[in-house]
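**Q** Sharing a model prediction with you, sequence too.
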Amino acid sequence: MTGSTASATTGRWSAQLMWLLPPLFELPFAAALCSGIPEVAHQAAFGSPATEAVLLLALVAAVCGFAAVARGTAGVAQAAVGGLLSVAAGAVAAIGAGFLSGGVFRMLGLLLAHSAFSIAMLARATLRRPAEAQ
């Protein structure tokens, strides 16, 4: 029985690691492009400094969501992290939609859409963890 608990814990965090990897690489890359290339900063939905801040805060939220899933948090902490991840996914999706709607940086919009989807999947995993335990 101990082996099944350990394998379940390993499976819980390793499956969610797949959802953490895209934001872990794509969000800092997009923030670096917004800060380093004036044309990208000009097309950013919230302006350069705010877009960079939103992207980096979404990265922190994704890491916190992964930690919450790996630890198996419940209660208020679970709801807070799930809500934070949902807001972060929406903000990243809005920035991605801004890049997709105009200009020549549509690939950056696709990367941000992919990250938003991954963050939303982390939010889903965070919010449904206790239901699976029962």
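**A** Nice, thanks for sending it over.
**Q** Name the nearest residue to the residue nearest the centre of the chain, ignoring sequence neighbours.
**A** Nearest to the mean C-alpha position of the chain, by C-alpha atoms, centre = their mean, lies residue 119 at 3.0 Å. Take residue 119 and drop its neighbours on the chain: the residue closest to it by C-beta to C-beta, 6 or more residues apart in numbering is residue 89, 4.1 Å away. (Each C-beta comes from the backbone N, C-alpha and C, glycine too.)
**Q** picking up where we left off before, any idea whether the residue nearest to the centre of the chain is helix, strand or coil?
**A** Three-state call for residue 119 (DSSP: H, G, I helix; E, B strand; the rest coil): helix.
**Q** can you pull the contacts of it?
**A** Taking C-beta atoms under 8 Å, 6 or more residues apart in numbering, we find residue 119 in contact with 19, 23, 58, 61, 62, 65, 85, 88, 89, 92.
**Q** returning to what we had before: I figured the residue nearest to residue 119 hits residue 114, correct?
**A** No. Look at residue 89 against residue 114 with C-beta atoms under 8 Å: they stay out of range, at 11.4 Å.
**Q** can you pull the contacts of residue 64?
**A** Counting by C-beta under 8 Å, 6+ apart, residue 64 touches 81, 84, 85.
**Q** repeat that with 10 Å
**A** Counting by C-beta atoms under 10 Å, 6 or more residues apart in numbering, residue 64 touches 73, 77, 80, 81, 84, 85, 88, 122, 126.
**Q** contacting residues for the residue nearest to residue 119?
**A** Residues in contact with residue 89 (C-beta under 10 Å, 6+ apart) are 23, 58, 61-62, 65, 115-124.
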